[in-house]
Each structure stands twice: as C-alpha cells, then as structure tokens.
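Student: any chance you could fold what I've pasted below:
(one chain, ligands or ions: 1)
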Amino acid sequence: MAITGIKGMNDILPAEIAVWQYLEASARRVFGCYGFNEIRVPVVEKTELFKRSIGETTDIVEKEMYTFADRNDHSLTLRPEGTAPVMRSLIQHKLFNRDPLTKLYYMGPMFRYERPQKGRYRQFHQIGAEVVGADDPRIDAQVLVMLCQYFAEVGITDVSLQLNSLGCKECRPAYREALISYLASRTDALCEDCQRRFQTNPLRVIDCKAVGCNSATADAPAMIDHLCGHCDNHFHAVRRTLDDLEVDYEINPRMVRGLDYYTKTTFEMVTNNLGAQNAVAAGGRYDGLIQELGGPALPGIGFAMGVERLALLKGEDSQLVEKPALFIAALGEGAQRVAFILMTRLQRRGVRVEMDYAGRSLKAQIKRADKLGAAHTLIIGETELAAGAGVLRDMTSGDQEPLALSAAEDLLVQRLVCSRIALDGALTTRL
Ligand code: HAM
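Tutor: Next up, the predicted model:
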C-alpha cells in the first residue's frame, strides 16, 4: 500500500503554488518598504523556550505541541509559532546592538496538534513580522498600517481589523482578580476546561467557544475598563494615530489571545468567509517577553498571518500562474532535432519554452500548448524544415506568420523576452 502524508499536514501542489509565491513575494515587498529584513530560524527549538514564552497554561503548551526527546534525551519541540524563536535568536545574536529598532519578518511552517478542519491544520504556515526596541504607540499604528496595506495589496478585502488592549503587569493583576471573582460565582455554567483553568488563566474563559462559558461571561469585566493610566494613554494614542492615518478598526474588548506574552495592544484581522477559523492574522505587543527570555528589557510588537487562510481567501488566480512563452510543435525526426536545439538555446537565454517528446500529432501538440497556456506556438513540420521557415502562431488571436528558422532564436528572444518584461511590469504594478 502506498504511504500517504500525515493528517493535517498538506502538500502545496504546483497548481496552488502560484498564489503562495505571490503572497510571499507581496510580503517581502510591502514589509521591505517599512524597513523589515528577513530572518530564518530553525523549525525545532528547546521545549523550554515555548513553555516560558507562550505560557504553561495555554492550550498550545498544554495540548498542542509536537514535543519529543532527541537521542540525547533533550526535550525539543517543533515550533508552534515564530515569535519566541525569533526573540531567542535576537537575544542570542544581540541583534539589537546593530540598530536600536530591529524590524524582522519570517515565513515558514509551524506545528500545532489541533483538530484539522478547513483553515486549521497541524502543519501550517505563517508570514510574521516583529519590531523590537520601541514602545511608542506610533510603532503599534505602523505595524497595523503595514498589515492593512498587505491585505489591500493582495486583494483580500473582506476582512476587518479588531483591536483590544490587554494591559501590563501593573494593571493586569487587579483585572485578573476582578475576573476570577466574577467567574467564581458562575463556575457551574463553565465547561470542564474552564472550571479547571479559571483560577490559573481566567482570560481564556472569555475566549472559550463553549456556549455556557460564552453566556456566563457576557457581562464579564473588560480589560480596557481596568487599564492603568500608562496603558490607557498608550491605547488612546494608538487609536488616535490610526484615525489620523484613516485606518478602519473595531474595538473588541472580548478579544483574548491564546498566548500569554501579550501586553497592551492586541489585534486580529478577522473574516466571515472561513467558517469557524475567523482569524487570518493576529498579533500584539509583548513588552516583557525579551526580558523573560533572558534578554534586555526591550519592548516588542508583531503579528503573524496564516498563509493557508490567506490562500483560501485569495482563491485561484490564473494570471499568477507562470506559463510558457513558447511551445514548439515539431513533426518528424529532423524537425524534432531542430526544435530541441532551439528550445534549449531559448531556455538558456531566459525564455520559458516547452515541447513534445512523444511524437504526438500536430493537433495533439497544439492541444497541449493550449492547455499549458503557451502564448505562442512555433510549428515546424518536415515541409517547414525543408523551406527553412516555421509558422509562429499567436495562441490568443490565432494569427500565424512565417518565421525564418535561421533567425528564429534572436527574433524570439527579442519578442518573447520583451513581452515577458511587459508582463512582469504589469504583474509588479498589480503587486
Ligand atoms: P496566533 O494567533 O497563534 O499568533 O497565530 C497567528 C495566525 O496563524 C492565526 O491568525 C491564523 O491565521 C494562523 N494559524 C494559527 N494556527 C493555525 C492552524 N492550526 N492552522 C492554520 N493557521 C493557523 C501567533 O502565532 C503569534 N506568534 C503572532 C504574533 C507575532 N504575535 C506577535 N508577533
């Protein structure tokens, strides 16, 4: 029996890859404008890193991590997210010494043992961005503007930005106590998980999808009503800056993030088009994380987008798929030989060319050229070969013209590379 892949871990097939590459290239371009540089960190880290950053009592650490002992009995974990590894690297390599404001982005696979469904997988991909070194509310606004610009530029418009503040270590404890005592009088209505965790992680109860928890927390105190002066000012300044920049957002006082490192501003980009998985991107400020991980007291803020979810929203776009500029349809041994040499020369000069190797009929070859989406087909039969001129067909208009085989290479490079540059130009403008 053939071996299949692992449940919840998907292949990204050639037909889907164009959208992925487009989403990735757009991120590189948009994030680059805001001064971000790419960082690549390993997919495996010491388990301790995630326990300390994401939090021992979170769903991710309690039940979703792929953790294993290596041959030396060291506990390792496949990264469930990118922020902790990037901060680990930043501290280890003292990246903050190069520039007081470090702006990094990353893309790659993450792993969480969740129940797979549409938009939720066990290996999924994130494109993330992090800014370290500034607690200025303008940085929060800038990160959000960049996120919104990304969505606008890739043409995903049916999304909305939700904003909240989770306070800081000054104001969160008092809020936490207020929430625990509110929940303590309603434990009967809570689900089994929340009855267990409301003392240790009361904020998760607000976010719980169970019907009982949802109604029991309908009037629960909200963090934004318990912010200290500093956090309140910060939140107002973020909102004011977003208003200045004409960025639309909604305040969602019930938004609770599934990772413990957040402070102050938190946000999600949500959609109604992905069923239960409504967050396409999410993030926030994490001002204590770097110190918690043994680094200096540097503030940070960032987000990560789920690429599978972006791709589902973007849908297929045939314009993004790379197609041959030319298909050479050759009939007979002599013509096949000329065609193969011409094709290779054109490929060496940067033209995407395809031909047939199975000795199919002209009709079948042209059918394949059409299926591949070739812009032109050069037909070389025995007669054309004898006359020293093939027939060049424009596959869109159907127009045909003779093409001298002796000059074909240079003429085709000139014509096809130029149209390629024009196409790239058009695509870049669309990007
Ligand atoms: P997160 O909310 O856990 O945050 O994940 C961010 C995004 O990753 C989600 O909004 C979703 O689009 C995608 N995602 C998460 N889990 C899955 C899954 N099982 N299948 C498919 N997509 C998924 C973080 O990971 C933080 N590190 C974000 C951050 C960066 N905060 C600050 N900087």
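
Student: and the gap between the nearest residue to residue 123 once chain neighbours are set aside and the ligand?
Tutor: Distances taken as Cβ to Cβ, 6 or more residues apart in numbering put residue 9 closest to residue 123, at 4.0 Å, once the chain neighbours are dropped. Every residue, glycine included, has its C-beta placed from N, CA and C. Note on residue 9: its distance to the ligand, by Cβ to the nearest ligand atom, to the nearest Å, is 11 Å.

Student: quick one: pLDDT of residue 9?
Tutor: With respect to pLDDT, residue 9 has a value of 98.

Student: I'd say it and residue 125 touch.
Tutor: No - contact criterion Cβ atoms under 8 Å: residue 9 and residue 125 do not qualify, at 11.1 Å.

Student: what about residue 159, how many neighbours?
Tutor: Applying other Cβ atoms under 10 Å, we find 22 residues neighbouring residue 159.

Student: dump the residue contacts of it.
Tutor: 151, 269, 270, 271, 280, 313 (Cβ atoms under 8 Å, 6 or more residues apart in numbering).

Student: I'd like the distance between whichever residue of the stretch 201-350 of the chain sits closest to the ligand and residue 401.
Tutor: For the stretch 201-350 of the chain and the ligand, the shortest gap (Cβ to the nearest ligand atom) falls at residue 306, measuring 2.4 Å. Noted for residue 306: a distance of 49 Å to residue 401, by Cβ to Cβ, to the nearest Å.

Student: which residues touch residue 127?
Tutor: Shown in contact with residue 127 (Cβ under 8 Å, 6+ apart): 23, 24, 27, 105, 106, 107, 304, 305, 307, 310.

Student: so of the contacts of residue 159, which ones are in helices?
Tutor: Among those, DSSP state H puts 151, 313 in helices.

Student: so which of the contacts of residue 159 also contact the ligand?
Tutor: The subset of those within reach of the ligand, by Cβ under 6 Å from any ligand atom, is residue 280.

Student: so residue 329 sits right up against residue 377, yeah?
Tutor: Yes - between residue 329 and residue 377 there is a contact under Cβ under 8 Å: 5.4 Å.

Student: tell me, what's touching these two both at once?
Tutor: 365, 366, 369.

Student: who wins for most neighbours among those?
Tutor: Greatest neighbour count in those, by other Cβ under 10 Å, goes to residue 369: 25 neighbours.

Student: check for me that that residue belongs to a helix.
Tutor: Yes - Residue 369 sits within a helix when classified using DSSP: H, G, I helix; E, B strand; the rest coil.

Student: list the contacts for residue 184?
Tutor: Applying Cβ under 8 Å, 6+ apart to residue 184 gives the contacts residue 198.

Student: swap that for residue 185, sorry
Tutor: No contacts exist for residue 185 under Cβ under 8 Å, 6+ apart.

Student: coming back round to it: can you redo the shared contacts of residue 329 and residue 377 as JSON lines with pLDDT and distance to the ligand?
Tutor: Shown next, in JSON lines, are the shared contacts of residue 329 and residue 377 (pLDDT from 0 to 100; distance: Cβ to the nearest ligand atom, whole Å):
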{"residue": "365", "pLDDT": "98", "distance to the ligand": "42"}
{"residue": "366", "pLDDT": "97", "distance to the ligand": "42"}
{"residue": "369", "pLDDT": "98", "distance to the ligand": "38"}
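
Student: put the buried members of the contacts of residue 159 into a PyMOL selection.
Tutor: Selection command for PyMOL covering only the buried members of those, criterion 16 or more other Cβ atoms under 10 Å:
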select buried, resi 151+269+270+271+280+313
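
Student: and the contacts of residue 159, which is closest to residue 168?
Tutor: Nearest to residue 168 among the contacts of residue 159: residue 269, at 23.6 Å, using Cβ to Cβ.
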